[in-house]
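Engineer: 3D, please:
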Amino acid sequence: MSMNTTTSTTPAWYALALCAQTGPSFFFPEPGSSLRDAKRLCGACEGRVACLEYALANDERFGVWGGLSEAERQALRPRG
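Structural biologist: So this is what the prediction gives:
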């Protein structure tokens with residue numbers, strides 16, 4: 001994810017997250033690139049649900065968070 005180091009502002013779930021062991025480019029690929037591998041890694045992650053909740057609460061608009069793409073997260077947001 002965009003968080004490269006663990007700090008006092010890093011969410012608790014990030015310490016367990018598989019993305020913490022992977023470079024951010026894996027979860028923020030170039031436009032048109034496949035998200036399949038990032039989503040597969042998220043599917044095996046203990047922090048997936050907390051990550052998704054974080055992304056939705058913080059309006060993360062780019063990359064794979066909680067196993068979902070930007071469009072998939074957008075579909076979960078309430079329409080206002």
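Engineer: Let me see the contact set for the most centrally placed residue in the chain.
Structural biologist: Closest residue to the average C-alpha location of the chain: W65 at 1.9 Å, with Cα atoms, centre = their mean. When contacts are counted by Cβ atoms under 8 Å, 6 or more residues apart in numbering, W65 touches 1, 27, 51-52, 54-55, 73. No exception for glycine: its C-beta is placed from N, CA and C like everyone else's.
Engineer: how near is it to L52?
Structural biologist: Per Cβ to Cβ, to the nearest Å, W65 is found 6 Å from L52.
Engineer: shared neighbours of these two, anything?
Structural biologist: R73.
Engineer: okay, now C51: neighbour count?
Structural biologist: C51 has 26 neighbouring residues, counting by other Cβ atoms under 10 Å.
Engineer: Where does pLDDT dip in this protein?
Structural biologist: 1-8, 80 (pLDDT under 70).
Engineer: On the three-state scheme, the residue nearest to T22 when sequence neighbours are not counted is what?
Structural biologist: Excluding its sequence neighbours, the residue lying closest to T22 (Cβ to Cβ, 6 or more residues apart in numbering) is L41, at 6.8 Å. Judged by DSSP: H, G, I helix; E, B strand; the rest coil, the three-state class of L41 is helix.
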